[in-house]
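Peer 1: test case, fold it:
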Amino acid sequence: MSVPDYMQCAEDHQTVLVVVQPVGIVPEDQFFKIYKRIASVSQVNIRDSQRILIRYRHHYLPENNEWGDFQTHRKVVGLISITTCATPKEWPQTAERFHGQKEVYSSTLYDSRLLVFGLSGEITEQQRTDVAFYPSFEECSDVEKRVEDFVESIYIVLESKRLDRATDKSGDKIPLLCVPFEKKDFVGLDTDSRHYKKRCQGRMRKHVGDLCLQAAMLQDALVHYHMAVELLRGVNNFLWLGAALEGLCSASVIFHYPGGTAGKMMGRKQSISQPLDAGKRHRAGAQEVLIDPGALTTNGISADTSTEIGRAKNCLSPEDIIEKYKEAISYYGKYKNAGVIELEACVKAVRVLAIQKRAREASDFLQNAVYINLGQLSEEEKIQRYSILSELYELIGFHRKSAFFKRVAAMQCVAPTIPEPGWRACYKLLLETLPGYSLSLDPKDFSKGRLGHMKKEVTQSLENYTSKCPGGMEIITLPDGLKLPPVPFTKLPIVRSVKLLNLPVSLRPHKVKGLLGQNISNASPFIYSPIIMHNRGEERCKKIGKSNYDFSEDGLLTSGVEFESLPAALSLPAESGLYPVTLVGVPRTAGNITVNGYHTSVFGVTSDCLLDGLPGVKTSGCLVEVIPALPRLQLQTSLPRSGTLCTPSFSVSVQLFNGETQQLTITLENIGSEDIETLELTSKIVSTKEKVFGEFLSWELDEALSHLPLKPGQSVTLTVNIKVKLDFSGQENLLQDLNDDGISVTGLPISSPLRQVLKPRAETKPVGSESSKAEYSHVKTLEAVLNFKYSGGAGKVEGYYRELSLGVHVDVEPSVFFTRVSTLPATSTRHCHLLLDIFNPTEHELTVRAKNNQDLVLHASECQRMAIQVDKFDFESLPQPDQESVRFSNPKQLEEERQHAQGCQINSKLGICWSIISFQWLHVL
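Peer 2: All right, here's what the predicted structure looks like:
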């Protein structure tokens with residue numbers, strides 16, 4: 001026997017078992033309707049004030065029926081079958097099915113009945129005691145009467161069997177009753193031994209005691225149980241001794257507690273104490289049982305049964321009942337195949353102790369029941385076992401222990417091994433655990449801070465449950481009609497402030513100035529574009545954690561156009577103080593969006609928290625305007641990034657010598673979902689005190705524009721020339737006053753991406769004062785911003801565009817100084833010699849060359865003179881500004897322009913260039 005009946009109680013030992021089952025296809029609701037009417041006949045009064053109690057089951061395993069000799073209340077003695085039959089042609093097949101159903105319990109069956117619904121005609125006129133015909137499920141008024149007749153027939157068979165067993169004079173020929181697992185152990189056993197005969201007598205005495213108890217002969221049953229106990233104890237037959245003790249306990253419980261131990265009378269109409277007087281009378285067979293010489297003389301029990309019957313000592317006292325239960329359970333525990341019997345005995349003892357209000361002893365029995373091994377149980381059987389344990393603990397007042405086992409049952413409802421987890425059953429059981437844990441679902445209790453006693457184990461269990469059944473913010477209606485409102489965790493964590501953030505600079509859309517309307521502000525921070533990735537509306541919440549926990553922000557709660565919230569996760573330590581959290585999302589269509597709140601998941605519990613429900617937040621929502629989609633541009637450069645400039649999206653940095661030229665390769669990639677249809681590039685030098693000669697940044701955009709429109713995923717390459725020309729001449733005290741015919745000429749710089757930060761200059765032979773050395777190593781800085789303006793798609797049609805900026809940071813070092821410039825006449829009057837004192841302020845060896853002249857090698861911090869033969873300069877041939885320009889221009893500005901023009905003419909004729917030998921660079925001055 002593998003399936004226990006957790007609803008059994010001690011008084012069930014006096015009942016007979018009747019199984020009610022459908023035959024063929026019977027509507028479930030109709031079957032249970034008839035089953036309920038049949039089960040209402042739980043007690044039938046027989047002649048001479050006797051009665052019989054019936055226990056009904058609609059499902060009973062045949063293997064449990066095999067234990068009927070061990071305890072007769074487990075034996076199926078009656079079968080009532082319910083079937084439907086529409087036509088007479090179906091009747092033979094129905095009758096055959098009924099016969100097959102009887103065969104299942106044929107070894108123990110006393111009588112059976114078949115209730116046929118829906119059949120009419122000649123067949124229904126047949127007079128059969130085992131079949132009753134009804135035209136429909138509604139027209140069956142005498143069902144209860146037929147069941148009573150059926151029960152009376154069972155009683156007649158029961159009484160005949162009791163008499164037959166009680167008056168058995170065969171002596172040595174008493175059969176040996178066995179439980180299923182014992183049959184193989186008695187093969188080849190000596191049946192003539194005295195030990196064997198006493199075993200047979202003891203088991204038969206116990207069996208007759210069961211029959212007497214079912215026949216309402218309580219005092220006879222008590223005597224037979226006492227005799228069986230003495231017989232079985234003498235032969236150490238512990239399993240059957242335990243059964244005899246349990247029978248003795250059951251009979252005593254029936255005597256002491258006529259109201260029953262199950263908490264209700266299970267529909268019985270009369271008190272169980274009514275037949276006790278009748279049980280004291282000696283009916284036919286009772287005298288023979290008590291004075292059986294074979295049993296009495298061999299066991300030393302007095303043959304004067306008139307003094308045994310009715311004596312108070314035959315019935316156990318309430319204290320002795322529990323002691324005998326303990327002894328019986330200890331005997332059952334010796335047999336691993338008797339686990340179900342042991343468990344059911346524990347349950348019966350607990351119910352008795354609950355009546356006696358002995359909760360501590362009852363908990364000991366329950367603790368023993370927890371550890372009884374019943375082998376491999378199904379998930380449904382495990383749920384039933386834990387639920388009954390919970391109910392029994394509740395019965396004895398152990399509320400917290402009851403809640404624990406009910407929680408275990410709830411977890412079992414959603415075990416991983418169950419194909420279809422019972423989430424509703426799990427939730428119902430969990431609700432029932434709340435009183436045991438002193439928890440409440442009342443939102444007022446949450447606001448009063450009554451969750452302080454919630455332990456980490458409870459939160460972990462909550463996360464485990466919600467991972468399998470996440471639930472939502474819907475109203476939950478319980479089977480009894482109670483509606484549970486959603487309770488958002490607005491204080492886990494606590495939100496102190498909410499602020500709507502602007503988009504990153506590179507993603508902000510701009511309106512073409514000529515198209516700005518009255519209702520659109522170019523400075524509005526609440527303009528968004530539905531780009532797939534990082535173009536996001538953001539809400540920053542400052543949160544406070546009261547306990548250490550992880551939570552996830554699943555996104556923003558919005559109304560308006562379609563909006564996709566991007567989830568975020570955060571681990572917030574206990575008492576963390578204000579902690580900023582940024583929530584982001586992507587609008588999918590153009591229009592307006594109102595941010596109403598946020599969605600969280602704490603301990604696996606999801607919550608929709610509205611801003612107007614947060615006590616510390618003043619705003620109730622934020623309005624956002626979403627424009628049509630725009631493309632998105634991404635830059636990649638050949639130079640490394642730097643964080644020098646904070647205004648552009650990102651910057652590149654490079655270090656150059658004065659007069660050096662560096663190429664910057666920029667790759668433009670369309671990473672958005674719209675085509676790039678227009679592209680403009682401008683540059684602006686950031687505020688600097690240095691005067692820049694020539695173009696600092698230059699490029700050719702025609703090649704890149706020829707690739708437009710640029711499809712998503714496509715890229716185009718653009719080359720930008722970086723050329724630095726700064727004036728280092730005004731910073732040196734080293735330079736001497738020039739002659740009247742001398743002209744100051746500055747070196748022209750260039751940069752290199754391979755350069756590192758300059759090392760301190762090595763001390764060399766001074767050319768002037770000590771302070772001049774530091775000024776030679778002075779590095780000047782140039783900063784500029786390249787601004788890419790682009791547009792496309794539906795956003796371009798509406799007059800919107802985006803800007804992406806790239807900062808360029810250049811550190812400029814001095815390259816070559818002309819410390820003195822003078823002229824000498826040449827052999828020809830059309831030529832002259834230009835004398836240049838050239839100083840190398842770098843730490844590298846460099847070469848200076850000019851047209852038609854030998855190279856001049858300069859070591860670090862070395863100064864040498866170079867003579868160059870050139871044509872005489874004709875400055876008068878330079879174009880002169882017109883009178884109109886002279887009148888409205890600054891004289892200082894005119895002088896600077898004149899000197900610049902003369903310097904350009906000189907540079908074109910000299911063709912001076914320099915190179916660093918170790919780098920193999922050539923730079924034109």
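
Peer 1: list the buried residues in stretch 781-801.
Peer 2: For stretch 781-801, the neighbour count (16 or more other Cβ atoms under 10 Å) marks 782-786, 788-793, 795-796, 798-801 as buried. For every residue, glycine as well, the C-beta is placed using N, CA and C.

Peer 1: stretch 559-570 too?
Peer 2: In stretch 559-570, the ones that count as buried by 16+ other Cβ under 10 Å are 560-561, 563, 565, 568.

Peer 1: endpoint to endpoint, that stretch covers what distance?
Peer 2: The first residue of stretch 559-570 is 25 Å away from its last residue (Cα to Cα, to the nearest Å).

Peer 1: most residues in a single strand of the protein, which one?
Peer 2: Longest strand of the chain, by residue count under DSSP state E: strand 800-813.

Peer 1: can I get that strand in CSV? Just the C-alpha atoms.
Peer 2: Output in CSV follows, covering the C-alpha atoms of strand 800-813 (Å, rounded to 0.1, in the frame of the first residue of the first chain):
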residue,chain,number,x,y,z
TYR,A,800,15.2,69.1,-38.8
TYR,A,801,18.9,68.3,-38.8
ARG,A,802,21.6,67.1,-36.4
GLU,A,803,25.1,68.3,-35.6
LEU,A,804,28.1,66.3,-34.8
SER,A,805,31.3,68.0,-33.7
LEU,A,806,34.9,66.9,-33.6
GLY,A,807,37.5,68.8,-31.5
VAL,A,808,41.1,69.1,-32.7
HIS,A,809,43.7,69.9,-30.1
VAL,A,810,47.2,70.7,-31.4
ASP,A,811,50.3,71.4,-29.2
VAL,A,812,52.8,73.4,-31.3
GLU,A,813,56.5,73.4,-30.6
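
Peer 1: R57 - nearest residue in space that isn't next to it in sequence?
Peer 2: Spatial nearest neighbour of R57, chain neighbours left out: V19 (5.5 Å); criterion: Cβ to Cβ, 6 or more residues apart in numbering.

Peer 1: burial count for that neighbour?
Peer 2: 22 (other Cβ atoms under 10 Å).

Peer 1: and it, that's in a helix?
Peer 2: No: counting by DSSP: H, G, I helix; E, B strand; the rest coil, V19 falls outside a helix, being strand.

Peer 1: nearest spatial neighbour of S107, skipping sequence neighbours?
Peer 2: N65 (7.7 Å).

Peer 1: helices or strands up against the longest strand of the chain?
Peer 2: strand 509-511, strand 633-637, strand 650-657, strand 750-752, strand 780-791 (3 or more Cβ pairs under 8 Å, 6 or more residues apart in numbering; DSSP states H and E).

Peer 1: quick one, which of those strands is nearest to D220?
Peer 2: Set against D220 and scored by Cβ to Cβ, the helices and strands packed on strand 800-813 come closest in strand 633-637, at 98.4 Å.

Peer 1: who are the packing partners of the helix or strand just after that closest one?
Peer 2: Note on strand 633-637: by DSSP states H and E, the next helix or strand toward the C-terminus is strand 641-642. Contact here means 3+ Cβ pairs under 8 Å, 6+ apart; on that basis strand 641-642 packs against strand 650-657.

Peer 1: now do the helix or strand just after the strand it packs on: everything it contacts.
Peer 2: The first helix or strand that comes after strand 650-657 along the chain, using DSSP H and E, is strand 661-670. Here strand 661-670 makes contact (Cβ atoms under 8 Å, 6 or more residues apart in numbering) with 631-639, 652, 654, 656, 676, 679, 704, 710-723, 750-753, 786, 788, 806, 808, 923.
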